[in-house]
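Student: take a look and give me a structure for this.
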Amino acid sequence: MKIIFEEIANKHPLNYYCQKLPSLLKTNENIKNSKKIFSFLYNFSGKIIFFITKQECLMTVLKILNLKNIYPKNIKNIYDVNDKSNFFYIIGNLHKNFIDVKKNFLFISTKEIIKTTNSINIKPIKNKFLYQLKINDLIIHVQHGIGRYQGLTTIKTASYESEYLVILYAEENKLYVPISYLHLIFPYSENSSKNVILHKLGGDKWDKEKNKISQNLYDHAAILLNIYANRLSKKGFSFKKNEKQYNLFCQDCFFQITLDQKNAINSVLNDMNKSIPMDRLICGDVGFGKTEVAMRAAFICISNKKQVIVLVPTTLLAEQHFNNFSKRFSNWSINIDILSRFRSIKEKKKILKNISIGKINILIGTHKILFENIEWYNPGLLIIDEEHRFGVIHKEIIKKIYSHIDILTLTATPIPRTLNMAMHGIKDLSIISNPPKERKKIKTFIEEYSPVLIKKAISQEISRGGQVYYIYNQIQGIDNVVIKLLNVVPHAKIKIVHGKMNYIELKQIMNEFHHNYFNVLVCTTVIESGIDIPKANTIIIENADHFGLSQLHQLRGRIGRANNQGYAFLFVKNFKKITLDAQKRLEAIAITNNFGGGFNLSNRDLEIRGIGELLGKEQSGHIDCIGIDLYMKLLHKTIKIYKNGEKKILLENLIKKSYIELYIPVLLPKNYIFDVNQRLFFYEKIENAKSEKEIETISLELLNQFGKLPTSAKNLILIAKIKLLTKKIGISHIKSNKNIGIIKFNKKNSINMKYLLSLFKNEPNLWKMIDSTKLKFFHSFESDSIRVNWIINLLKNLKTLNN
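Tutor: Numbers count the residues shown, from 1 in each chain. Sure, this is the predicted structure:
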């Protein structure tokens, strides 16, 4: 980058030809900024060069630009700018936007583009992909085990060239994997990467491990499907919606609902309309509107003369829900009550009686609800908020008593088992990732403990009229924390709350904090769930390395609930002394600062803790190394195979694809796409394409971004289309040269027999069945292109009409 700027400066002094441009953004995330930027870019008459700071940001930036019909060409330096396009990009740093008025070149930092990402709804990458690999990263080849990634290399033969991914195994042996076999390769889980031993090519260790993994997948699939079958066997209630009343209730909503909320509401109402009991998980970050979804479900339930149970983990949250539900239902004749350990015996008796005769429509309470001997009049819906805070005993009671009614679970960070069930359709899943309008991302800082930084953070928040949470999760010593804080911030007004306090005192202090009577609350994690203080926009967490990932996410969600910028400061005593897992948790919470990150954090948390969270340590120790991403993919396919009645499942069969060998060059050449990771990105994208339309879209993307496709790239696209057709028909193998070819069918296939017989009848000399599964053809082709397209047409005709 330094060289590029020196070249510009030598030819065109900045004070004469080059003019600095102000930032195109005046504030952070705002949809108006997105429109403003792209309007500016569309109307610029010259060439625009985007500078992308990091390779990791490349695909995100290109997705954003592509959505706006901007397809920049990759160039190495500014002298590669040509008339074939108006948009170009370079990997490198650009601190300030500027324009070369003589050449009419506009230089833009993609920081401007990244800031608009949320506005145009680009979702973050959830899993690690092959294109994110670095040299010597650990990877898994399903047939050969764990090795180290060594990059891509091109190998030429007498007639054509191909590109291979190189893996280093034990004893310095290398495996060259054709890019058409990338579906067999997965990034290795970070969970067990410490002191990993590479597998030996041709050894039996990996084969033994594979057999254990296969058996575990089969057992796990059986458990999940049994849960699902039990759910389907139960008779539920089909809720009906009174459109007029429901619309009036919706009009009472204090906020404009987001698109994700709308989709979640529609899914919930559809579930409730079915005669099978609903079991849906609503996953959304704190303050993203999960409660409104639950309230609308509650309204439908009550409209059908049934009762609603709202189960929450803490008394504080029960109180807040009681207030929120009471306010939301204030225009309707609906009785709402609360049951917790702080109700008197007399009050409890009255509540239980009113429940049994149907006088209470909505009962909100803690786990006390589960242990009281409640005789419900007509229960219809159970809403579980923050389900990760409930233990195994609680869930067993729910399963035993409430499995026949509709269950709606709300969470920002689902626990591993719930996440697993949701990801495989055992529980239905809705994700709310759209933030409320004007909501700002929380800025997160991870630092070693520093009184100076603490003073600065608290003083800054107080100076803007805000409030601070200070988390110290030990009741013993919490008074000393207040003394320390008063020494560094003597002007702060500080109070304490913790879970062992008298509830009336705790409630009073929280009420005072809500009304801004004091500005710093030193507390334990008692405030973790659901406490809404609009002016609290800074949180300081001491000993952050002692907290779980979901806990950190929940605590961070306590702030930034209004329109002000939120700040989270996570302090550790000594970075050198924290555990590896704690380090990963802190890295994850810092990186996952995007809206709707709770679901991604749950995946990451599961990756860090290990698959034992799903199956138990004893059962799953031997599969911990492959990682949750790969395990989930394999489990999903195992479930499908299990449903078909197959008992023995080989790991390779779970990700099996057809073998295509046409003896033609199939690759993205270096002179077409120079960057290795970009080539991997498109190889993987093409390999994972699910339809011909999707493949055509990728082809157009390549054309717009890199120019006319060379023959080898066109072949790559055509081979991808052939693979899709072979999957639909049931073909395992196609091999062909210029004069002869063989097509091998699976035992289970969908061949159009009528068409196949017509081939033998009309051209008997050109077709031959070698055995019941192999079709041989004899045909001379003038070119490789004609041959490949002929095979595609043949496969389309061999495909049955209903496939």
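
Student: show me the contacts for the closest residue to I401 other than its chain neighbours.
Tutor: Leaving aside its sequence neighbours, I401 sits nearest to L370 (Cβ to Cβ, 6 or more residues apart in numbering; 7.8 Å). (C-beta placed from N, C-alpha, C; glycine too.) L370 sits next to L311, H394, I397, I398, I401 when contact means Cβ atoms under 8 Å, 6 or more residues apart in numbering.

Student: which of those residues tops the neighbour count?
Tutor: Highest neighbour count within these, by other Cβ atoms under 10 Å: L311, with 26 neighbours.

Student: what does stretch 134-146 contact?
Tutor: Outside stretch 134-146, the residues that reach it (Cβ under 8 Å, 6+ apart) are 130, 133, 147-151, 167, 169, 175, 177, 184-188, 193, 196-199, 201, 205-206, 209-210, 625-626, 630, 651-652, 655.

Student: what mean pLDDT does the longest strand seen in the chain get?
Tutor: Longest strand of the chain, by residue count under DSSP state E: strand 145-156. Mean pLDDT, computed over strand 145-156, is 91.

Student: pull out the buried residues from that strand.
Tutor: G145, I146, G147, R148, Y149, Q150, L152 (16 or more other Cβ atoms under 10 Å).

Student: again with stretch 672-680
Tutor: Neighbour counts over stretch 672-680 (16+ other Cβ under 10 Å) mark Y672, I673, V676, N677, Q678, R679, L680 as buried.

Student: in strands, which of those residues fall?
Tutor: Going by DSSP E, the strands hold none of the buried residues of stretch 672-680.

Student: out of those residues, the closest to K500 would be?
Tutor: Using Cβ to Cβ, N677 comes nearest to K500 of the buried residues of stretch 672-680, at 53.1 Å.

Student: thought the closest one was touching Q132?
Tutor: Yes. Counting by Cβ atoms under 8 Å, Q132 is a contact partner of N677 at 7.3 Å.

Student: for S214, give its distance to I641.
Tutor: Distance of S214 to I641, computed by Cβ to Cβ, to the nearest Å: 11 Å.

Student: same question, A170
Tutor: For A170 relative to I641 (Cβ to Cβ), the value is 32 Å.

Student: C-terminal to the longest strand of the chain, what's the next element?
Tutor: Using DSSP states H and E, the helix or strand that follows strand 145-156 in sequence is strand 161-168.

Student: what residues does that next one touch?
Tutor: Contact with strand 161-168 is made by 130, 139, 141, 144, 147-155, 174-179, 182, 185, 198, 665-668, 679-680, 712, as judged by Cβ under 8 Å, 6+ apart.

Student: do you have the strands of the stretch 651-800 of the chain handy? List them.
Tutor: Along the stretch 651-800 of the chain, counting by DSSP state E, counting those that start in this stretch, strands occupy 659-661, 731-736, 740-745, 767-771, 774-778.

Student: tell me the SS of L58?
Tutor: Counting by DSSP: H, G, I helix; E, B strand; the rest coil, the backbone at L58 sits in helix.

Student: can you offset everything so residue one is 870?
Tutor: With 870 as the first residue, the last one maps to L927.

Student: ok, it - contacts?
Tutor: So L927 contacts I921, I960, D1544, N1546, Q1547 (Cβ under 8 Å, 6+ apart).

Student: number of nearby residues for the residue lying closest to E1561 once chain neighbours are set aside?
Tutor: Distance criterion Cβ to Cβ, 6+ apart; nearest residue to E1561, sequence neighbours excluded, is K1590 at 5.7 Å. Number of residues near K1590 (other Cβ under 10 Å) recorded here: 22.

Student: now the element after the longest helix seen in the chain, going C-ward?
Tutor: Identified as the longest helix of the chain according to DSSP state H is helix 1074-1102. As assigned by DSSP H and E, the chain's next helix or strand after helix 1074-1102 is helix 1112-1120.

Student: and that next one, average pLDDT?
Tutor: The pLDDT scores in helix 1112-1120 average 94.

Student: distance from the next helix or strand after that helix to the middle of the chain?
Tutor: The first helix or strand that comes after helix 1112-1120 along the chain, using DSSP H and E, is helix 1128-1142. The chain centroid and the centroid of helix 1128-1142 are separated by 20 Å under Cα atoms, centre = their mean, to the nearest Å.

Student: direction included, what does the helix or strand just after helix 1128-1142 pair up with?
Tutor: From helix 1128-1142 onward toward the C-terminus, using DSSP H and E, the following helix or strand is strand 1148-1153. If you go by DSSP bridges, strand 1148-1153 pairs up with strand 1275-1280 (parallel), strand 1297-1301 (parallel).

Student: okay if I get those strands as JSON lines plus mean neighbour count?
Tutor: Putting those into JSON lines (neighbours: other Cβ atoms under 10 Å) gives the following:
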{"stretch": "strand 1275-1280", "mean neighbour count": "25"}
{"stretch": "strand 1297-1301", "mean neighbour count": "22"}
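
Student: between the ones you listed, which one is nearest to N938?
Tutor: N938 lies closest to strand 1297-1301 among the strands paired with strand 1148-1153, at 27.5 Å (Cβ to Cβ).

Student: between that closest one and helix 1128-1142, how many degrees?
Tutor: For strand 1297-1301 against helix 1128-1142, the angle by axes from the mean of the first three to the mean of the last three Cα atoms, to 10 degrees is 160 degrees.

Student: next secondary structure after strand 1297-1301?
Tutor: Later in the chain than strand 1297-1301, the nearest helix or strand by DSSP H and E is strand 1312-1317.

Student: can you give me the buried ones in the following helix or strand past that next one?
Tutor: Once the chain leaves strand 1312-1317, the next helix or strand it forms, by DSSP H and E, is helix 1320-1332. Residues of helix 1320-1332 classed as buried: L1322, I1323, K1324, A1326, I1327, E1330, I1331 (neighbour count, 16+ other Cβ under 10 Å).

Student: export helix 1320-1332 to PDB, keeping only CA atoms.
Tutor: Below are the C-alpha coordinates for helix 1320-1332, written out as PDB (Å, rounded to 0.1, in the frame of the first residue of the first chain):
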ATOM      1  CA  PRO A1320      -8.600   1.600  38.300                       C
ATOM      2  CA  VAL A1321      -7.700   4.300  35.800                       C
ATOM      3  CA  LEU A1322      -9.900   2.800  33.000                       C
ATOM      4  CA  ILE A1323     -12.700   2.100  35.500                       C
ATOM      5  CA  LYS A1324     -12.700   5.700  36.600                       C
ATOM      6  CA  LYS A1325     -12.700   6.900  33.000                       C
ATOM      7  CA  ALA A1326     -15.600   4.500  32.000                       C
ATOM      8  CA  ILE A1327     -17.800   5.500  35.000                       C
ATOM      9  CA  SER A1328     -17.100   9.200  34.800                       C
ATOM     10  CA  GLN A1329     -17.900   9.300  31.100                       C
ATOM     11  CA  GLU A1330     -21.200   7.600  31.600                       C
ATOM     12  CA  ILE A1331     -22.200   9.800  34.600                       C
ATOM     13  CA  SER A1332     -21.200  12.900  32.600                       C
END
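
Student: tell me what it is packed against?
Tutor: strand 1336-1340, helix 1347-1357, strand 1405-1410, strand 1436-1441 (3 or more Cβ pairs under 8 Å, 6 or more residues apart in numbering; DSSP states H and E).

Student: could you rerun that using 10 Å?
Tutor: On a contact count with 3 or more Cβ pairs under 10 Å, 6 or more residues apart in numbering; DSSP states H and E, helix 1320-1332 meets strand 1312-1317, strand 1336-1340, helix 1347-1357, strand 1389-1392, strand 1405-1410, strand 1436-1441.

Student: sounds good, over and out.
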